[in-house]
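S.K.: Quick check, what structure comes out for this input:
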Amino acid sequence: MTRLKFDTSPERSRVRRLLPLLLPPLLLSACGGKDVPPEQYSSNDTALPALTSTLSSENIQFSHKEGSEDQPDSYVYSGLSSMTDTLASYVQALEEDGCSPIDTNGVVKELPDFSVSSGSVSMGKDTGDGGVFQLQIAWEGDTCTITPVYAAELRITQPSVQALTVSEAIQRLKSCTPALLGLSGASMEEYEVYAEEGLVLVDSSPCLQLNVYSSTPRQYRGCYLMTVDGAHLYQLDRDASQVTELTPYSNTAVK
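M.R.: Numbering: from 1, shown residues only. As a prediction, this is how the structure comes out:
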């Protein structure tokens, strides 16, 4: 594998939300008059902000459901006026705190649609001691229930990606318009595509190297690098040893 020192992304400073030490002014009505909403959920020296950290002033009801030996505690918030906005803001805060949406096996997944009337999502964070602290978030109507769970044997992993074959990569490139690739003509049928052996790295991602030639007359027209999952396409300037990502590129990663 050839390693090329390409950098296609500008440096971005990571902005982390500073969570207030005090809860925002909420009008909370505790069921039974004794439950007080927590400012954070914690387990095994790992703490995550509570739902109230992102709520504006609202008249909501709160209750703490104590668990048992086999069932964890749950925190129930009712009377939420805008569940979609509430969940979106809260999940964003959790992501900025290092959490990821995961399935029951710890594999990172896409976030659900928060605009539906009911649903659930589990946000997990590595604790540093080999386990995962997760918040199981479920909502229905105007009620949101959060159940903190520590899973000592769970690990957060990225979903596996199936690599493209050479023929699939060639077909994907030929499905692009010549204009996207900086070529003339109305169709890629006027061109031939050949793959070079081996892979090259762009931003640490392995890529297939595809060379394009015009059919008549047969002449080299350009070199393109496609990530092995098909998610990104780059044009290589051989003279300058630089790459440029081509957008919009409609193909998505292979699942």
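S.K.: Report pLDDT for the nearest residue to residue 97 once chain neighbours are set aside.
M.R.: By the measure of CB to CB, 6 or more residues apart in numbering, the closest residue to residue 97 outside its immediate chain neighbours is residue 48, 6.1 Å from it. C-betas here are computed from N, CA, C, even on glycine. Per-residue pLDDT puts residue 48 at 96.
S.K.: element containing residue 48, please.
M.R.: strand 46-49 (DSSP states H and E).
S.K.: for that strand, packing partners?
M.R.: strand 40-43, helix 83-96, strand 118-126, strand 132-140 (3 or more CB pairs under 8 Å, 6 or more residues apart in numbering; DSSP states H and E).
S.K.: These: which one's closest to residue 240?
M.R.: Among these, helix 83-96 comes nearest to residue 240, with 36.7 Å by CB to CB.
S.K.: which helices and strands does the helix or strand following the closest one pack with?
M.R.: For helix 83-96, the following helix or strand on the C-terminal side (DSSP H and E) is strand 100-102. Here strand 100-102 touches strand 118-126, going by 3+ CB pairs under 8 Å, 6+ apart.
S.K.: What's the mean pLDDT across the strand it packs on?
M.R.: Strand 118-126 shows a mean pLDDT of 96.
S.K.: distance between it and the chain's centre?
M.R.: Relative to its parent chain, strand 118-126 has a centroid offset of 13 Å by CA atoms, centre = their mean, to the nearest Å.
S.K.: List the buried residues for it?
M.R.: Of the residues in strand 118-126, 121-126 count as buried by neighbour count, 16 or more other CB atoms under 10 Å.
S.K.: No further queries at this time; thank you.
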